[in-house]
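[1] missing the sequence, but the structure's below:
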């Protein structure tokens, strides 16, 4: 599963979920559309396979992010 987030000015407090996808290409299309014409935003695409660490937190990997 791929989760797409936007973030404003590299601040984790402004991280907003845009959508969740099973296909990487769909996630990337959504991510690029979400920041189109909005220079203050950047996207982050995270992948998870449903596994949790010993603290019960979902394990995620960042697979793509804009500058």
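    Sure, I can see it. From a predicted model like this one, the values you see are computed outputs, not experimental measurements.

[2] residues contacting residue 42?
    In this structure, residue 42 makes contact with 6-7, 10, 35, 65-67, judged by CB atoms under 8 Å, 6 or more residues apart in numbering. For every residue, glycine as well, the C-beta is placed using N, CA and C.

[3] top strand in the protein by residue count?
    Scanning the chain for the strand with the most residues, using DSSP state E, yields strand 41-52.

[4] what about the residue located most distally from the centre of the chain, helix or strand, and which?
    Residue distances from the centre of the chain (CA atoms, centre = their mean) peak at residue 54, which lies 23.1 Å from the mean C-alpha position. With elements taken from DSSP states H and E, nothing contains residue 54; it lies in neither a helix nor a strand.

[5] what of residue 39?
    In this assignment (DSSP H and E), residue 39 forms part of neither any helix nor any strand.

[6] tally of neighbours for it?
    Here the number of neighbours of residue 39 (other CB atoms under 10 Å) works out to 6.

[7] hang on, the earlier thing: report the next helix or strand after the longest strand of the chain in sequence order.
    strand 58-65.

[8] that following strand relative to strand 41-52, how many degrees between them?
    Taking axes from the mean of the first three to the mean of the last three CA atoms, to 10 degrees, strand 58-65 and strand 41-52 form an angle of 150 degrees between their directions.

[9] just the buried members of the contacts of residue 42?
    Burial by neighbour count, 16 or more other CB atoms under 10 Å: within those this picks out 6-7, 35.

[10] secondary structure added to those, as JSON lines?
    Formatted as JSON lines, the buried ones among the contacts of residue 42 follow (DSSP: H, G, I helix; E, B strand; the rest coil):
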{"residue": "6", "secondary structure": "strand"}
{"residue": "7", "secondary structure": "strand"}
{"residue": "35", "secondary structure": "helix"}
